[in-house]
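# Return atomic coordinates for the entry below.
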Amino acid sequence: MVNDDHNRMIFAKVTSLVWQDLQNMANSDCLVNCKVKWNKQSLFTFAKEMYHGFKEDWQAQNNAKKKAAKGVNQQNNRHAQCHKEKADQLMTACQAYIKKFSVDLVDLVHADHMSDEASGPDDDELEDGWKRRMAEKMGMPANSQVENLSFLEVTRSPWRSDKRIPDFTPYTFGINIEWLEANKDRLEYQDLLKEWGAWEDPEGFGLKKREHQDNQGTPNNEVDEDNARKMEG
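Numbers count the residues shown, from 1 in each chain. Modelled structure (predicted):
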């Protein structure tokens, strides 16, 4: 526990040593900050807050399972941020989509439903190494020049397997009904799937796709098929 007496003794000792060092420094400007008043109390709070991250890092350095779990968590956080950015980017196209197709897709854009498509390396992998790995997957020779090539890597989102189902319920047109029928009664899925199939399709999509949209050549058929594939387990 952070507030354990032993830990608080450590925080107090760190505070005392840092405060003494700062007082002895020739340049005392480091003690002045327009947002933080540095004194023994604020240094103690700083040491206490830093303990959270330190404990996790130390455990990861000394325990293989903790290290692996931390790596997965960091990757999931990066993917979640990527999904949010992708959803935000799609939202910027909503007005143009409405103008072209007279259909508002704002209710369809949700970070939890974004794919893991990426055009660069993940984790600490160098870009050159990532490009060579992509080239190898495409069957290109090992000595191929990849500097000027562009790749798009698609990974499988955790919720598209049986590991995790999205918290945000998709519209009916975006669900693979065959998968839903096979899994809706599974005990571990009942809470997550209880509203699946209950949300009507939004205007302009699925069963509510307007007749004139087909004549306009709108991409709704492609959207329907793509979303159905994405909702498979």
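# remind me, longest helix of the protein?
Counting by DSSP state H, the longest helix found in the chain is helix 64-91.
# Skipping its backbone neighbours, what lies nearest the spatially most central residue of the chain in space?
The centre of the chain sits closest to A80, judged by CA atoms, centre = their mean, with a distance of 0.8 Å. Excluding its sequence neighbours, the residue lying closest to A80 (CB to CB, 6 or more residues apart in numbering) is A111, at 7.3 Å. For glycine as for every other residue, the C-beta is placed from the backbone atoms N, C-alpha and C.
# what's the next secondary structure element after the longest helix of the chain?
helix 94-101 (DSSP states H and E).
# mind giving me the domain ranges of the chain?
Taking automatic domain parsing as the domain assignment, the ranges for the chain are 5-62, 66-115+157-230.
# Return the most buried member of those.
domain 66-115+157-230 (a mean of 14; mean count of other CB atoms under 10 Å).
# got a markdown table for the domains of the chain, with distance to N148 too?
Listed next are these as a markdown table, based on distance: least, CB to CB, whole Å:
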| stretch | distance to N148 |
| --- | --- |
| domain 5-62 | 37 |
| domain 66-115+157-230 | 24 |
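# so T172 makes contact with F205?
No: assessed by CB atoms under 8 Å, T172 is found out of contact with F205, at 9.7 Å.
# hey, which helix or strand in the protein has the poorest pLDDT?
None of the helices or strands of the chain scores lower by mean pLDDT, DSSP states H and E than helix 220-230, at a mean of 49.
# Give me the distance between the residue nearest to the centre of the chain and D21.
39 Å (CB to CB, to the nearest Å).
# go on, W179?
Distance from W179 to D21, counting by CB to CB: 61 Å.
# Please apply the same query to G139.
Distance, G139 to D21, by CB to CB: 59 Å.
# shaky segments in the chain?
Residue ranges of the chain with pLDDT under 70: 1-3, 25-34, 116-125, 154-164, 210-233.
# just the helices in it please.
5-24, 40-62, 64-91, 94-101, 127-137, 177-183, 190-193, 211-216, 220-230.
# can those go into JSON lines with extra columns for distance to I165?
Below are these laid out as JSON lines (distance: least, CB to CB, whole Å):
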{"stretch": "helix 5-24", "distance to I165": "38"}
{"stretch": "helix 40-62", "distance to I165": "27"}
{"stretch": "helix 64-91", "distance to I165": "15"}
{"stretch": "helix 94-101", "distance to I165": "26"}
{"stretch": "helix 127-137", "distance to I165": "29"}
{"stretch": "helix 177-183", "distance to I165": "9"}
{"stretch": "helix 190-193", "distance to I165": "4"}
{"stretch": "helix 211-216", "distance to I165": "30"}
{"stretch": "helix 220-230", "distance to I165": "12"}
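# D201: which of those is closest?
helix 220-230 (9.2 Å; CB to CB).
# Now for N77: which residues touch it?
Applying CB atoms under 8 Å, 6 or more residues apart in numbering, we find N77 in contact with no residue.
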